[in-house]
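Asks: Return atomic coordinates for the entry below.
(4 chains)
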Protein chains: 2
Amino acid sequence: MSDTAASDAKIHLEGRLEPRDGWRAETCTIARTLDVLRTKSAMLVIREAFYGAERFDEFVARTELSEPVVAARLRELVADGLLERTSYREPGQRARQGYALTAMGADLFPALAALMQWGERWLGPSGVRLEHHGCGAPLTVELRCEAGHTVASSGDIGLARAPRGSR
Amino acid sequence: MSDTAASDAKIHLEGRLEPRDGWRAETCTIARTLDVLRTKSAMLVIREAFYGAERFDEFVARTELSEPVVAARLRELVADGLLERTSYREPGQRARQGYALTAMGADLFPALAALMQWGERWLGPSGVRLEHHGCGAPLTVELRCEAGHTVASSGDIGLARAPRGSR
DNA sequence: ACCCTGACTTAGTGTTGTCGAAGCCAGGTA
DNA sequence: TACCTGGCTTCGACAACACTAAGTCAGGGT
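Replies: Next comes the predicted model:
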């Protein structure tokens, strides 16, 4: 556990991310994001895409979901732009279809990694971990501000109205 | 968007996080984590806890969920150790109950922030953003390895069996 | 020409999540 | 003491999600 969390129990965002009110569900990015990742099964499909699954069967076997569910999720995720269809041909086989993450889908990686990190920390180790290719050091997800500070935990974070037109 | 993503479209974890097989659903941290965050409504409740909600009504009003659902999620999240009951008394009022994030719950912040960041990037801006208290600079979620490198995207990441007994 | 395999779809059914409306209880205020 | 408010719980109905089992279809191999 160490330094990061647990040093400050009972935080609930001091300063409270005040300007809550006035921007509700329609606006909220988290709600909108959860609408795209509709369900748990979608997350599992995406997880397997990261783990390298490409073919329908692989998704079915590895997610341990039923075929209809996998088919539905793949269709939706393609429609939403997280995955795209690819086709490939193994020698002596007919052309087959596969699925690959788009840039949009691949960019979910930090979120997946954050969930993974939380699970490792609080639900116990799983026996696998992410590491940086090349240097082999374990990966962590961190919050940093553009001024370069590493932000410890939810303590000193504020919610601000974004300056209009800023990305 | 800049440098981080989209520079490398169509990645699906090069190197493919190979050792997939042999560790399945029971083991997988992501699946276990999603079991705790059962449903979308649980995430919304946690989101509001971060935004400073403490009282039952606040959760109901702000999550826009029904009372029975909020009651059920709060009960479960308390049972799972993400929230804890508090009691407080406003002057001239009777003692009331509230809910606050525990260290375990608060530690989910990076995951929420990562989802938020993804949503802002790919689903369009919402008008709010997170910033570092004190310095006021916007926050980002980053993957870094312990050797200090910032890892661009899912490109150069590997999955390794964790050395036994490591945290 | 026939069979096989991969990639799905369709049909029927059970489970889980959510909702609105209403009810209940405890502690304060009037 | 009677009423009000916050914080729930109960009820009945509905929609979303998942599962099993079976069927379809296209292309290759034999």
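
Asks: Isn't residue A:85 up against residue A:99?
Replies: Yes - contact status for residue A:85 versus residue A:99: in contact at 6.2 Å, counting by CB atoms under 8 Å. Bear in mind the C-beta positions are built from the backbone N, C-alpha and C, glycine included.

Asks: list the residues that contact both of the two?
Replies: Jointly contacting residue A:85 and residue A:99 under the rule CB atoms under 8 Å, 6 or more residues apart in numbering or on different chains are residue A:78.

Asks: Now residue A:126: phi and psi?
Replies: Phi and psi for residue A:126, reported as degrees, to the nearest 10, are phi -110, psi -10.

Asks: and if you look at residue A:115?
Replies: Note on residue A:115: backbone dihedrals following degrees, to the nearest 10 are phi -60, psi -40.

Asks: And for it, the neighbour number?
Replies: The burial count assigned to residue A:115 is 26, neighbours taken as other CB atoms under 10 Å in any protein chain shown.

Asks: Can you name the residues in contact with the helix or strand harbouring residue A:116?
Replies: Taking DSSP states H and E as the definition, one finds residue A:116 inside helix A:109-122. Counting contacts by CB under 8 Å, 6+ apart, the residues outside helix A:109-122 that touch it are A:1, A:5, A:43, A:46-47, A:50, A:126, A:129-130, A:139-141, B:29-30, B:32-34, B:81, B:104, B:107-108, B:110-111, B:113-115, B:117-118, B:141-143, B:153-154, B:157, B:167.

Asks: Show me which of these are buried.
Replies: A residue is treated as buried here by neighbour count (16 or more other CB atoms under 10 Å in any protein chain shown); on that basis the buried members of the contacts of helix A:109-122 are A:5, A:43, A:46-47, A:50, A:126, A:129-130, A:139-141, B:29-30, B:32-34, B:104, B:107-108, B:110-111, B:113-115, B:117-118, B:141-143, B:153-154, B:157.

Asks: Which ones among the residues you listed map onto strands?
Replies: Among the buried ones among the contacts of helix A:109-122, the residues falling in strands (DSSP state E) are A:129-130, A:139-141, B:141-143, B:157.

Asks: now the helices for chain A?
Replies: A:29-36, A:40-50, A:56-63, A:67-79, A:103-106, A:109-122 (DSSP state H).

Asks: Distance check, the closest residue to residue A:133 other than its chain neighbours against DNA strand D.
Replies: Closest residue to residue A:133 in three dimensions, ignoring its sequence neighbours and counting by CB to CB, 6 or more residues apart in numbering or on different chains: residue B:156, at 3.8 Å. Distance, residue B:156 to DNA strand D, using CB to the nearest atom of the strand, to the nearest Å: 32 Å.

Asks: same thing with residue A:97?
Replies: Remark: distance between residue A:97 and DNA strand D (CB to the nearest atom of the strand) = 11 Å.

Asks: can I assume residue A:29 is in contact with residue B:127?
Replies: No - the pair formed by residue A:29 and residue B:127 falls short of the contact definition of CB under 8 Å, at 9.3 Å.

Asks: ok, the closest residue to residue A:132 other than its chain neighbours to residue A:130 distance?
Replies: Residue nearest to residue A:132 in three dimensions, not counting chain neighbours: residue B:145, with 3.5 Å by CB to CB, 6+ apart. The spacing between residue B:145 and residue A:130, counted by CB to CB, to the nearest Å, is 9 Å.

Asks: Find residues that contact each of those two.
Replies: When contacts are counted by CB under 8 Å, 6+ apart, the set common to residue B:145 and residue A:130 consists of A:138-139.

Asks: Can you name the residue of chain A nearest DNA strand C?
Replies: Residue of chain A nearest DNA strand C, by CB to the nearest atom of the strand: residue A:71 (3.3 Å).
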